[in-house]
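Trainee: no sequence on this one, just coordinates:
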């Protein structure tokens with residue numbers, strides 16, 4: 001087969017006298033033909049894309065493509081022949097065509113030549129080369145993807161690099177606003193001031209950003225005291241909130257700081273176990289099958305987030321005090337303005353007409369927000385569930401796992 005080489009990179013070489021037999025007419029005609037690779041890019045560890053240009057009239061029955069080889073001099077007998085995937089032309093003489101090479105070896109040098117072939121005559125460009133990359137990081141997953149913290153609070157995120165066989169898995173954690181929260185390279189976040197901040201990663205192999213954990217930092221604001229004429233007085237909003245309709249922050253039962261992941265493995269009083277079914281606890285237990293027995297059934301002051309964070313006589317209400325609230329108030333749904341929609345329920349005292357609002361707060365489990373139930377205003381009580389001390393009472397829906405996250409509405413005597 002006759003071979004004609006175009007000798008300079010990205011420079012047209014004119015080939016005169018290449019004999020092409022026009023399809024169906026049996027006549028030979030001399031034409032000028034030129035071909036070169038315009039662009040090679042999208043190079044990864046196993047693929048690359050090529051854009052080639054060829055100039056020749058009457059392109060019917062002409063094959064265009066690329067010879068690709070690890071040999072330094074690509075020839076038909078030592079190369080993969082990649083035919084053009086698509087060809088476009090504006091005038092039937094100037095043609096641009098596209099080739100995609102796949103299933104390549106990582107970190108390998110490949111040599112290539114664009115070609116045009118018709119009636120046994122092939123025209124080639126000068127040999128060029130490129131090198132595939134190592135396997136690069138294409139995603140870093142941060143867990144959890146959101147959390148609420150109090151000022152001066154801390155929590156830790158974890159990062160998982162994909163793919164598993166990436167050559168360089170190194171990355172750095174970045175805070176989008178270090179005046180609100182910082183993050184060290186172990187993933188430990190420290191909240192500094194109220195606001196929103198994104199914690200993300202930068203992969204070192206490509207300098208590309210990945211992942212993200214939205215951190216909302218709350219201040220601890222002392223609420224107003226609302227007298228509903230009951231045995232205790234109620235706070236006007238949840239811990240971490242500044243308005244009645246705000247959720248505030250979430251706590252596991254018996255813990256005094258919010259965190260990122262609410263699971264058995266991260267529970268303060270976990271003795272052993274990694275699930276709701278096999279968790280054993282080290283405090284607040286009446287049954288030896290569930291861990292250490294101490295017969296404590298109501299949170300002590302040092303484990304009461306309301307007492308620790310607000311001081312004074314503030315504490316978490318008991319199950320009986322929530323039931324008193326429910327039984328002695330008229331409960332009415334509350335809707336916000338400016339598109340807020342349903343925000344919770346007003347509890348208006350039947351004794352003196354004063355009221356509080358419990359927001360539609362839901363709960364947290366593992367690393368996500370549970371959005372079922374909770375429409376009456378989910379909150380922890382300070383009361384242990386006696387029949388299965390892996391659980392505690394949460395208002396209004398009854399018992400939930402102690403490691404789950406719920407807001408807290410404080411009370412005082």
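Mentor: Cool, the structure landed. Just so we're clear, the structure is a prediction, and the values are computed from it rather than from any experiment.
Trainee: which residues does residue 215 contact?
Mentor: When contacts are counted by CB atoms under 8 Å, 6 or more residues apart in numbering, residue 215 touches 146, 147, 148, 149, 180, 181, 189, 191, 196, 197, 198, 199. C-betas here are computed from N, CA, C, even on glycine.
Trainee: and the residues you listed, which is closest to residue 406?
Mentor: Nearest to residue 406 out of the contacts of residue 215 is residue 148 (CB to CB; 12.1 Å).
Trainee: ok, residue 223 touching residue 410?
Mentor: Yes. With contact defined as CB atoms under 8 Å, residue 223 counts as touching residue 410 (6.9 Å).
Trainee: okay, and the common contacts of those two?
Mentor: Counting by CB under 8 Å, 6+ apart, the residues touching both residue 223 and residue 410 are 235, 310.
Trainee: which parts of the stretch 1-150 of the chain are strands?
Mentor: Ranges of strands in the stretch 1-150 of the chain, per DSSP state E, counting those that start in this stretch, are 2-5, 15-21, 28-41, 48-55, 63-69, 80-83, 86-89, 94-101, 109-118, 121-124, 128-131, 139-143, 146-150.
Trainee: follow-up on the earlier one: of residue 223 and residue 410, which one has the most company?
Mentor: Higher neighbour count among residue 223 and residue 410: residue 410, with 28 against 22, using other CB atoms under 10 Å.
Trainee: pLDDT-wise, which helix or strand of the chain ranks last?
Mentor: strand 15-21 (a mean of 30; mean pLDDT, DSSP states H and E).
Trainee: circling back: so which of the strands of the stretch 1-150 of the chain gets nearest residue 278?
Mentor: Among the strands of the stretch 1-150 of the chain, if distance is taken as CB to CB, the winner is strand 139-143, at 22.1 Å.
Trainee: show me what the closest one is in contact with.
Mentor: 157-162, 171, 199-201, 203, 210-213, 260-261, 367.
Trainee: hmm, who's touching stretch 166-180?
Mentor: Contacts for stretch 166-180 (CB under 8 Å, 6+ apart): 106, 134-138, 140, 157, 159, 161, 181-185, 187, 189, 191-205, 209-210, 215, 217.
Trainee: ditto for stretch 78-97
Mentor: Against stretch 78-97 from outside (CB under 8 Å, 6+ apart): 38, 51-59, 63-69, 71, 98-101.
Trainee: could you redo the last one with a cut-off of 6 Å?
Mentor: Contacts to stretch 78-97, defined as CB atoms under 6 Å, 6 or more residues apart in numbering, come from residues 52-55, 57, 64-69, 71, 98-100.
Trainee: hmm, which two among these are most spread apart?
Mentor: 57 and 71 (32.8 Å).
Trainee: which residue ranges of the stretch 301-413 of the chain form strands?
Mentor: 329-336, 341-349, 355-359, 363-365, 368-370, 379-384, 391-395, 398-401, 411-412.
Trainee: now, of those, which is deepest in the fold?
Mentor: Looking across the strands of the stretch 301-413 of the chain with neighbours counted as mean count of other CB atoms under 10 Å, the highest average goes to strand 379-384: a mean of 26.
Trainee: that one versus strand 391-395: what angle between them?
Mentor: 140 degrees (axes from the mean of the first three to the mean of the last three CA atoms, to 10 degrees).
Trainee: for residue 394, which non-adjacent residue is closest in space?
Mentor: residue 400 (4.5 Å; CB to CB, 6 or more residues apart in numbering).
Trainee: does the one you found touch residue 392 like I think?
Mentor: No. Using CB atoms under 6 Å as the test, residue 400 is too far from residue 392 to be in contact (7.0 Å).
Trainee: remind me which residues of this structure are low pLDDT?
Mentor: Applying pLDDT under 70 to the chain picks out residues 1-33, 57-60, 90, 92, 338-340, 371-377.
Trainee: in it, where's the longest helix?
Mentor: Counting residues, the longest helix in the chain under DSSP state H turns out to be helix 319-327.
Trainee: need the contact partners of it.
Mentor: Taking CB under 6 Å, 6+ apart as the rule, helix 319-327 contacts 230, 232, 347, 381, 383, 393, 395.
Trainee: buried among the contacts of stretch 166-180? Need that as a selection in PyMOL.
Mentor: Per 16 or more other CB atoms under 10 Å, the buried members of the contacts of stretch 166-180 correspond to this PyMOL selection:
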select buried, resi 135+136+137+140+157+159+161+181+182+183+187+189+191+192+197+198+199+200+201+202+203+205+210+215+217
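Trainee: show me the contacts for the nearest residue to residue 238 once chain neighbours are set aside.
Mentor: Leaving aside its chain neighbours, residue 238 sits nearest to residue 248 (3.3 Å; criterion: CB to CB, 6+ apart). Contacts for residue 248 (CB under 6 Å, 6+ apart) come out as 238, 239, 240, 241, 407.
Trainee: got the phi/psi numbers for residue 248?
Mentor: Per-residue torsions, residue 248: phi 80, psi -150 (degrees, to the nearest 10).
Trainee: the residue nearest the centre of the chain in helix, strand or coil?
Mentor: The residue lying closest to the centre of the chain (CA atoms, centre = their mean) is residue 211, at 4.7 Å. Following DSSP: H, G, I helix; E, B strand; the rest coil, we place residue 211 in the strand state.
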